[in-house]
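quick one: sequence plus predicted model below, questions after.
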Amino acid sequence: METKVRVTGLWKRYGANEALRGVDFTLQAGEIFGLLGPNGAGKTTTLECVLGLREPDAGNVEICGLDARRFPREVKRKLGAALQSTALQDKITPREALDLFGAFYSEPEPTLRLLERFDLVAKADAAFETLSGGQRQRLALALAFVHRPEVVILDEPSTGLDPQARHELHAEIRRMKHDGYTVLLSTHQLDEAAALCDRVAIIDQGRIVATGTPHELVSTAAGGQAVRFTASQLIDPAALTRLPGLRALRCEGLSGYFETDEAAPVVTALLALLAAQGATLWELEVKRSSLEDVFLKLTRPDNKSVNLPV
Amino acid sequence: MNGLREHLGQSLRLHFRNRMALLYGYLFPLIFLVAFWVLYRHEKIPLIRHMGELLTVSVLGGACFGLPTTLVSERERGVWRRYRLTPLPTWAFVVSTALARYVIILSAGALQLGLALSLGMPLPAHPLDLWVAFTVVSFAFIGLGLVLAMMADNVPAVQALGQCIFLPMLIIGGVAVQLASLPTWAQHVSAFFPGRYAVEALQACVSGGGLGSIGFCLLALALIGVAGCSAGAKLFRWDAAQRFAASSGKLWLVPVLGAWLAVGLLAEVRDRIAVSIDGATVAAPVPVMPAPAPLPPWMKITAKDVAALDFRVPSDGGVVSPFAGPEEEASDYTKDEVEAVRQGLLTWRPGLEGDDVQRVRNLVCVAAVPDSIQHPVERYLPPVVLSHLQEIYPKDKLIKILTWIVLHPEDDNVIDSIADLGVQGSAGDPAVVRERSYLYSLKFILRITGRIDR
């Protein structure tokens, strides 16, 4: 399968702060690749380096086989992007914006076709300042497709959207995959990544800490089952750690969280421990680990923290 | 090119949809013009002596406030980040932005000129030259505007930086306050500001000698414009997150300041600092003449010399050197000719070129020649000439020059025809013109000094 994006050894410093510390990943043709990470992890900086908005201190970016530093203009013709912080002039209309950006390329998509595809015909001549958040996001996507790019980059595309607009956006991103586009998106919304992405890279403190399909990440990084409970009185954490097959224990007040390969024997042991200490079980939740658990596990500043996951 | 053209067109469309931009770009220059019109209402020809200043203020406002405000606010919104994702090169965006601003400034200038014409100002003496000079002035200030836009991190910073340029240029840069009324040190300082050259260049095309007389100004403005535009392109910042203080290209400010410095030093070396006409009553800047060294001899005329003149002159109602009284009105036939001369004097080359004595002598000939040939307008032109002289020269200086002419009637050259002012006929004998010039100079002194009351 053709590699559309290859990022190797990307480093970026802002003064003393190392925003990226050797980021590597590749995108194959036709896949949706998610860059998942908490705020400040380096997602946007990575995308900006790929797009040519920032100059990395080290590392390489290759788009469709072209070195982005050596062939910036050619690379820009291959990329379409919807940035997190893009706004247009208040008085420009979607039709004018599409005409304008189309004029920057040699073979632009017809404006009317883009307006129809992104459901903007009714607002084609409305000022940008009058558009809703969802309409603005659709216009940003339309601008990304104005020159039929090979790779589409979306930086936190659902930020600030209401549930309906978010649902429409997800449908549009799935359509991109159906139409054969390669999509690189950044998000901090785990359900979005799980629902849309073929593969995910979790980025934390400027480096990729895990890469794979959402299923692979869940089964390899977290695995097993997660157990949350609340007792009627404080339980000694030292006693809990002696329970068989228990790991990643965290306690906060009356509540606790742990992971295990097989929940049933551990829960039985937990109930016995509570009874021995004169406590009763108020709440118990057992579930398979999710991408969220993987994310929290990998991006927690201190994995040994005894705080419950938020 | 398609992208550049589309961006240019879109920039203009957006400008004309922005009410605040229209207010600042068009209404304010017109308010300025009306204010000048009211302020200088006593002048016989409205506004013509101030168009250089008014047009300069319009260009300065549009280029050093309008351009960077638009650019920085779009950068803050992220519009320019989005542009950067396209394959259009930086220079194309810079050129289209500068061109759009030029069109906006040009239309504002044309509107201002149109209003001035409707208020009674005659057509500029050199319209095509005016367009060329306006373009060069715009180029210089748009370069400055680009640099300001790259230095300012946000819109309030544009206002602060713009005022740092705007106010000194207005007050001691020769733009809003006449150079002649400034102290000598300020005249030296003004030579380092482009505003002075902008006013001189534009004014010369409205009521002076046109492009031929403003070579130095055009050179100075072009140099400042090239430095500004080059630095603006090199310092270009797409992203509001890039702060000027942290940018690596700050050294590009050196050629910008260097251009101002070079122009000022060149003016100093070429002795272009002193203004040729001084005094608060002088309204219009005229091309600065090199200061003669040593002092011209007429400056040594004293009050004693004036008092010693022989003021026995023919009667104002006589055949020789007639002089219409303040209540006398020209006939319908001659009225138009007199008015044509009054208008024509504003741009009449012999009245603008040469040293002061020669210029005054030429202007006195405008009264002397019709008298020599007994033209019907002969008695009505002397008051026109006197009024013109009093407008462009301060009293003391004019008295000294006229006295010099009376004492040296045979010096310099005289004009024997003013057909180019619409008065046909030639005096033929220069001696007659010199004699009548002598008489009219005396009559002018009598009136200026109040020895007679008309």
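On my side now, so go ahead.

the longest strand along chain B packs against which elements?
For chain B, the strand that runs over the most residues, judged by DSSP state E, is strand B:423-426. When contacts are defined as 3 or more Cβ pairs under 8 Å, 6 or more residues apart in numbering or on different chains; DSSP states H and E, strand B:423-426 packs onto helix B:356-372. (Each C-beta comes from the backbone N, C-alpha and C, glycine too.)

in the helix or strand of chain B with the lowest mean pLDDT, what counts as buried?
Counting by mean pLDDT, DSSP states H and E, chain B has its least confident helix or strand at strand B:423-426, which shows a mean of 81. Residues of strand B:423-426 classed as buried by neighbour count (16 or more other Cβ atoms under 10 Å in any protein chain shown): B:Val423.

point me to the residue of the stretch 51-200 of chain A nearest chain B.
When scored by Cβ to the nearest Cβ, the stretch 51-200 of chain A has A:Ala103 as its residue closest to chain B, at 3.6 Å.

next, count neighbours for that residue.
When neighbours are defined as other Cβ atoms under 10 Å in any protein chain shown, A:Ala103 has 21 of them.

excluding its backbone neighbours, what's nearest it?
The shortest distance from A:Ala103 to any non-neighbouring residue, by Cβ to Cβ, 6 or more residues apart in numbering or on different chains, is to B:Glu6 (3.6 Å).

now the strands for the stretch 101-250 of chain A?
Counting by DSSP state E, counting those that start in this stretch, one finds strands in the stretch 101-250 of chain A at the ranges A:151-155, A:182-187, A:199-204, A:207-212, A:225-231, A:246-252.

give me the nearest residue to residue 135, chain neighbours excluded.
No chain was given, so I picked chain A. Distance criterion Cβ to Cβ, 6+ apart; nearest residue to A:Gln135, sequence neighbours excluded, is A:Lys123 at 5.7 Å.

my bad, chain B
Once flanking residues are discounted, B:Thr135 sits nearest to B:Tyr102: 7.4 Å by Cβ to Cβ, 6+ apart.

got the contact list for that neighbour?
When contacts are counted by Cβ atoms under 8 Å, 6 or more residues apart in numbering or on different chains, B:Tyr102 touches B:Thr135, B:Ser138, B:Phe139, B:Ile142.

what's the helix or strand for it?
If you go by DSSP states H and E, B:Tyr102 is part of helix B:90-118.

buried ones in that helix?
For helix B:90-118, the neighbour count (16+ other Cβ under 10 Å) marks B:92-102, B:104-109, B:111-113, B:115-116 as buried.

doesn't B:Asp416 make contact with B:Pro430?
Yes: assessed by Cβ atoms under 8 Å, B:Pro430 is found in contact with B:Asp416 at 5.9 Å.

phi, psi of the closest residue to chain A within chain B?
Per Cβ to the nearest Cβ, the residue of chain B with the smallest distance to chain A is B:Glu6, at 3.6 Å. Backbone torsions for B:Glu6, taken as degrees, to the nearest 10, come to phi -70, psi -40.

that one - how many residues pack around it?
B:Glu6: 19 neighbours (other Cβ under 10 Å).

distance of it from A:Leu100?
5 Å (Cβ to Cβ, to the nearest Å).

kindly report the same for A:Val121.
Separation of A:Val121 from A:Leu100 (Cβ to Cβ): 18 Å.

check B:Phe139 too.
Taking Cβ to Cβ as the measure, B:Phe139 falls 26 Å from A:Leu100.

before we move on, what about B:Gly9?
Applying Cβ to Cβ to B:Gly9 and A:Leu100 gives a distance of 9 Å.

of the two, who's got more company?
For the pair B:Gly9 and A:Leu100, the greater number of neighbours falls to A:Leu100 (24 against 16), based on other Cβ under 10 Å.

so the more buried one sits against B:Leu8, correct?
No: using Cβ under 8 Å, A:Leu100 is not in contact with B:Leu8; the gap is 10.5 Å.

what bridges to A:Leu281?
Note on A:Leu281: beta-bridge partners A:Ala231, judged by DSSP bridges.

for it, give me its contacts.
By Cβ under 8 Å, 6+ apart, the contact set of A:Leu281 is A:Phe229, A:Thr230, A:Ala231, A:Ser232, A:Leu270, A:Leu271, A:Leu274.

now do the same contact list for the last one.
By Cβ under 8 Å, 6+ apart, A:Leu274 lies in contact with A:Ala231, A:Ile235, A:Thr280, A:Leu281.

tell me which helix or strand comes right after the helix or strand containing B:Leu12.
Element membership for B:Leu12 (DSSP H and E) is helix B:2-17. Elements were assigned by DSSP H and E; along the chain past helix B:2-17, the next helix or strand is helix B:19-22.

list the contacts of B:Gly264.
B:Ala191, B:Phe192, B:Phe193.

can you select the buried ones among those for me in PyMOL?
Applied in PyMOL, the following selects the buried portion of the contacts of B:Gly264 according to 16+ other Cβ under 10 Å:
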select buried, chain B and resi 191+192+193
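
and the contacts of B:Gly264, which is closest to B:Cys164?
B:Phe193 (12.0 Å; Cβ to Cβ).

chain B contacts on the stretch 101-250 of chain A?
Counting by Cβ under 8 Å from any Cβ of the partner chain, the stretch 101-250 of chain A comes close to chain B at A:Phe101, A:Ala103, A:Phe104, A:Tyr105, A:Leu143.

just put those residues in CSV and tack on pLDDT and distance to B:His375.
Formatted as CSV, these follow (pLDDT from 0 to 100; distance: Cβ to Cβ, whole Å):
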residue, pLDDT, distance to B:His375
A:Phe101, 95, 70
A:Ala103, 95, 65
A:Phe104, 94, 68
A:Tyr105, 93, 72
A:Leu143, 94, 74
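
and these, which two are the farthest apart?
Using Cβ to Cβ, these span at most 12.3 Å, a distance reached by A:Ala103 and A:Leu143.

common neighbours of those two, please.
Going by Cβ under 8 Å, 6+ apart, no residue sits against A:Ala103 while also sitting against A:Leu143.

tell me the spacing between A:Arg148 and A:Glu172.
Counting by Cβ to Cβ, the gap from A:Arg148 to A:Glu172 is 16 Å.

compare these two (neighbour count), which wins?
It is A:Glu172, of A:Arg148 and A:Glu172, that has more neighbours when counted by other Cβ under 10 Å, with 18 against 13.

OK, contacts around that one?
With contact taken as Cβ under 8 Å, 6+ apart, A:Glu172 is in contact with A:Phe118, A:Arg138, A:Leu141.

of those residues, which is the most crowded?
Neighbour-wise, the contacts of A:Glu172 (other Cβ under 10 Å) top out at A:Arg138, 25 neighbours.

what about the residue nearest to that residue when sequence neighbours are not counted, distance to A:Ser186?
Counting by Cβ to Cβ, 6+ apart, the nearest residue to A:Arg138 once its immediate chain neighbours are dropped is A:Phe118, at 4.4 Å. To A:Ser186, A:Phe118 is 21 Å away according to Cβ to Cβ.

ok, B:Phe141 next?
42 Å.

which of the two has more neighbours?
More neighbours surround B:Phe141 than the other of B:Phe141 and A:Ser186, with 31 against 26 (other Cβ under 10 Å).
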